[in-house]
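**Student:** Structure for this input, please:
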Amino acid sequence: MLSTILIVVCVVVVLVLGVIALRPPVFHLERSMVTKAPPERVFALINDFRLWPAWSPWENIDPAMKKTFAGPATGTGAVYSWDGNKKVGAGRMTIANTEPPGRIDIKLDFFRPFPANNTTTFTMVHDQFGTTKVTWAMDGRNNFAAKAFQLVMSMDAVVGKDFAKGLAALKAAAERG
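**Tutor:** Numbers count the residues shown, from 1 in each chain. The predicted model follows:
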């Protein structure tokens with residue numbers, strides 16, 4: 001009887017590990033919003049890390065969070081590092097590329113609670129009706145632990161709601177001018 005239980009447990013463990021291993025090695029998530037603000041105004045709010053407190057959903061989670069800035073004040077090479085409580089962790093963002101007023105690529109490195117290296121992209125597309133569609137996307141790789149985590153919690157559900165909240169605040173800030 002004990003050997004049968006042990007065999008069943010081993011089979012279940014192997015199956016779970018197999019399912020985890022077969023999960024996608026990469027992820028992509030994105031959210032969009034439309035604003036009446038011109039793309040130049042939205043671009044400016046994203047291109048300067050010092051302006052992120054006006055709209056970023058993570059800025060006010062830890063009021064004691066330590067922030068440092070390096071490199072140029074705006075654009076390619078600008079760096080923003082943070083070190084906060086367990087909710088915000090620690091990491092660094094570096095603007096890798098800008099194409100004013102339509103695109104900003106950011107290299108995003110998390111140090112804790114889980115190390116990760118992702119790419120974040122903001123695109124602003126102006127249309128003939130005077131509105132600007134802003135898309136916030138993030139791409140990255142799933143290691144084994146991330147694949148296991150995503151069996152019970154969707155990355156899209158967890159981070160997607162923060163993207164939507166941030167885009168709503170970005171819209172409000174851009175429309176205020």
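**Student:** per-residue confidence at residue 147?
**Tutor:** In the predicted model, residue 147 carries a pLDDT score of 73.
**Student:** The residue sitting nearest the centre point of the chain: which element?
**Tutor:** With distances taken as C-alpha atoms, centre = their mean, the residue of the chain nearest its centroid is residue 138 (5.2 Å). Mapping residue 138 onto the secondary structure by DSSP states H and E places it in strand 132-141.
**Student:** what pLDDT, on average, does that strand get?
**Tutor:** Mean pLDDT, computed over strand 132-141, is 95.
**Student:** Could you list the buried residues of it?
**Tutor:** Neighbour counts using 16 or more other C-beta atoms under 10 Å place 132, 134-138, 140 of strand 132-141 among the buried residues. All C-beta spots, glycine's among them, are computed from the backbone N, C-alpha and C.
**Student:** who touches the helix or strand just after it?
**Tutor:** Once the chain leaves strand 132-141, the next helix or strand it forms, by DSSP H and E, is helix 144-152. Outside of helix 144-152, the residues within contact range by C-beta atoms under 8 Å, 6 or more residues apart in numbering are 19-21, 23-24, 27, 114, 116, 142, 155.
**Student:** In the very next helix or strand once past helix 144-152, which residues are buried?
**Tutor:** From helix 144-152 onward toward the C-terminus, using DSSP H and E, the following helix or strand is helix 155-176. Of the residues in helix 155-176, 155, 159-160, 163, 166-167, 169-171, 173-174 count as buried by neighbour count, 16+ other C-beta under 10 Å.
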